[in-house]
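*Asks:* sequence plus the predicted model coming up.
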Amino acid sequence: MATEPTSPVLVLGATGGQGGAVLRALRDSGRAVRALVRDPDAPAAARLAASGVQLAAGGFTDRAALTGAMAGAAAAFALTTPFESGVDAEVVQGRAILGAAADARLPHLVFASVAGATSGSGVPHFESKAVVERELAGGDVPYTIVAPTYFFDNALGGEADIRAGVLTLPLPADRRLQQLDRNDLGRFVAAVLATPERYVGARIEIAGDEPTPAQMAAALAAALKRPVRHEEVPMAAIGNPDMSAMWSFLRGEGYQVDISALHRDHPEVGWTSFATWADRAFGGGTR
């Protein structure tokens, strides 16, 4: 289906972390944006509308609403999530999105998966994304898969502990953890959508930095201007089976992004270090 040069990019999850970062990056690059929202009257959605973003109402499993939202769009950024209803529901979301993209004859779908999803990790929420990836690759919709690693922002789940001087992670102090700033994900997706023909059919794993927990604690201490120490959480203390599997993967094979090659090939992203992010999040610094 042909689209006009000013056709919008549809962003799913536009009021969340990943979708919000993509939306901001697209707007910064001058693209028109349409956001899929559950409730157009919700405060976050209303703020998007007030800023000039088109709104489309619907959920991730509503194929008809998704098809309507994709109609006339130049492309879409989509993600799925297992954290509300589980990994089986995530596959249902993915199938609805892929079906809608086919129904709407969407010119390009950028799907956000996770690094390591195709490695046979056994992590439930990696494997569910792998199912969606396989079905996307086997369909007729032009696509690009972006596969981010662990996000810097995940540290904010332990913000109170960090501010009290302790960074807790189920990793040894010297184990590197590949990570990413959500804003870098947004800029990467915007770059893909600026020249989509370069990326059709590609699967790209992305990371911005790979600090150890000891280095993370040092960066947080520098940002806070007070001591922060790393404390290794015992694996036995992780009650959620999905999270336990993920941390077992990260303690073992882990992510395998070739960070130097990625950054060399995509300098336009800017690539934020963990220390820069920590200063911004905890020390009041800016990019």
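*Replies:* Arrived safely.
*Asks:* for the nearest residue to residue 122 once chain neighbours are set aside, give its distance to residue 71.
*Replies:* Once flanking residues are discounted, residue 122 sits nearest to residue 245: 5.9 Å by CB to CB, 6 or more residues apart in numbering. In short, each C-beta sits where N, CA and C put it, glycine included. From residue 245 across to residue 71, the span is 39 Å (CB to CB, to the nearest Å).
*Asks:* returning to that earlier point: SS state for the residue nearest to residue 122?
*Replies:* Three-state assignment for residue 245 (DSSP: H, G, I helix; E, B strand; the rest coil): helix.
*Asks:* so who does it touch?
*Replies:* Counting by CB atoms under 8 Å, 6 or more residues apart in numbering, residue 245 touches 121-124.
*Asks:* just name the closest of those residues to residue 183, please.
*Replies:* Lowest distance from residue 183 to those (CB to CB) belongs to residue 123, with 25.1 Å.
*Asks:* helices of the stretch 51-200 of the chain, residue ranges please.
*Replies:* 63-70, 87-103, 124-137, 159-163, 182-194 (DSSP state H, counting those that start in this stretch).
*Asks:* surely residue 114 is in contact with residue 127?
*Replies:* No: between residue 114 and residue 127 there is no contact under CB atoms under 8 Å: 10.1 Å.
*Asks:* if you count surrounding residues, which of the two has more?
*Replies:* Applying other CB atoms under 10 Å to residue 114 and residue 127 shows that residue 114 carries more neighbours, namely 23 against 19.
*Asks:* that one: what's it in contact with?
*Replies:* 125-126, 129, 147-149.
*Asks:* run the last query once more with 7 Å
*Replies:* 126, 129, 147-148 (CB atoms under 7 Å, 6 or more residues apart in numbering).
*Asks:* would you mind measuring from the residue nearest to residue 122 to residue 124?
*Replies:* 6 Å.
*Asks:* do the same with residue 180
*Replies:* To residue 124, residue 180 is 21 Å away according to CB to CB.
*Asks:* okay, the two: which has more neighbours?
*Replies:* Just comparing residue 180 and residue 124: by other CB under 10 Å the higher neighbour count belongs to residue 180, 26 against 19.
*Asks:* you'd agree that one is up against residue 147?
*Replies:* No: with contact defined as CB atoms under 7 Å, residue 180 does not reach residue 147; the gap is 10.2 Å.
*Asks:* which residues do the two both contact?
*Replies:* The contact lists of residue 180 and residue 147 share residue 206, where a contact means CB under 7 Å, 6+ apart.
*Asks:* would you map the strands across this protein?
*Replies:* Counting by DSSP state E, the chain has strands at residues 9-11, 33-37, 54-57, 75-79, 109-112, 143-148, 150-151, 166-169, 179-180, 203-206, 229-232.
*Asks:* hey, C-alpha coordinates of the longest one in PDB?
*Replies:* Read that as strand 143-148. Extracted C-alpha coordinates of strand 143-148, given in PDB (Å, rounded to 0.1, in the frame of the first residue of the first chain):
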ATOM      1  CA  TYR A 143       9.900  -5.900   8.900                       C
ATOM      2  CA  THR A 144      12.900  -5.100  11.000                       C
ATOM      3  CA  ILE A 145      13.500  -6.600  14.400                       C
ATOM      4  CA  VAL A 146      15.300  -4.600  17.000                       C
ATOM      5  CA  ALA A 147      16.400  -6.500  20.100                       C
ATOM      6  CA  PRO A 148      17.500  -4.400  23.000                       C
END
